[in-house]
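Engineer: Got a predicted model here, sequence first, then my questions.
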Amino acid sequence: MVIDTALGMILRVMLGVLVLLVEPIAALANGSDRLVDPTQPYSTTSGAIGSHRTGLVLQSTSVSPLRRVAVINGQELSVGERIDGAEVVDIRPYEVIMSRAGRQTTLRLLPRILPRDNPEDRANAGRP
């Protein structure tokens with residue numbers, strides 16, 4: 001009786017592991033061209049906002065009183081540095097301002113939550 005219970009438990013665990021291994025293969029076989037890693041930030045799974053125009057993908061920002069750094073297309077950059085002909089103008093907690101050929105573009109890690117043309121948002125900008 002104890003052997004049957006232990007054997008049943010082992011079989012259930014093995015079946016669970018098998019399902020976890022087969023599922024990604026089945027997804028590829030059904031025409032999905034790539035698997036999405038759910039642990040990656042928004043920008044790397046679906047493209048950073050602003051990247052469709054510039055080809056640049058913002059992957060991370062780090063802002064502190066001593067240093068501001070952004071990771072764009074896998075390259076660590078500071079203000080004033082360049083990537084693919086675009087210059088990093090400003091690094092903010094969730095976005096980076098880029099300049100290329102006199103035009104500025106904002107790369108964002110997250111989509112803008114509030115509507116852009118709300119006058120109250122502009123009046124309250126910078127206030128805590």
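Structural biologist: The structure has been received and is ready for your questions. All of these numbers come straight from a predicted model, not from anything done at the bench.

Engineer: going forward, measure contacts between C-alpha atoms and count neighbours the same way
Structural biologist: Fine.

Engineer: Output stretch 99-110 in CSV with nothing but the alpha carbons.
Structural biologist: These are the backbone C-alpha positions of stretch 99-110, laid out as CSV (Å, rounded to 0.1, in the frame of the first residue of the first chain):
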residue,chain,number,x,y,z
SER,A,99,18.7,63.3,-29.9
ARG,A,100,19.5,62.3,-33.5
ALA,A,101,19.8,64.7,-36.4
GLY,A,102,18.3,67.6,-34.4
ARG,A,103,15.2,65.6,-33.4
GLN,A,104,14.5,64.4,-29.9
THR,A,105,12.9,61.0,-29.1
THR,A,106,11.9,59.6,-25.7
LEU,A,107,12.5,55.9,-25.0
ARG,A,108,10.4,54.6,-22.2
LEU,A,109,10.5,51.4,-20.1
LEU,A,110,6.8,51.7,-19.3
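
Engineer: who's the closest residue to Ala101 other than its chain neighbours bridged to?
Structural biologist: On the basis of CA to CA, 6 or more residues apart in numbering, the spatially nearest residue to Ala101 that is not a chain neighbour turns out to be Ala86, at 7.8 Å. For Ala86, the residues forming beta bridges with it (DSSP bridges) are Ile83.

Engineer: Tell me which stretches of this structure form helices.
Structural biologist: In the chain, the helices defined using DSSP state H lie at 2-29, 42-46, 51-54, 119-124.

Engineer: Least reliable of these by average pLDDT, please.
Structural biologist: Within the helices of the chain, confidence is poorest for helix 42-46, with a mean of 44 (mean pLDDT).
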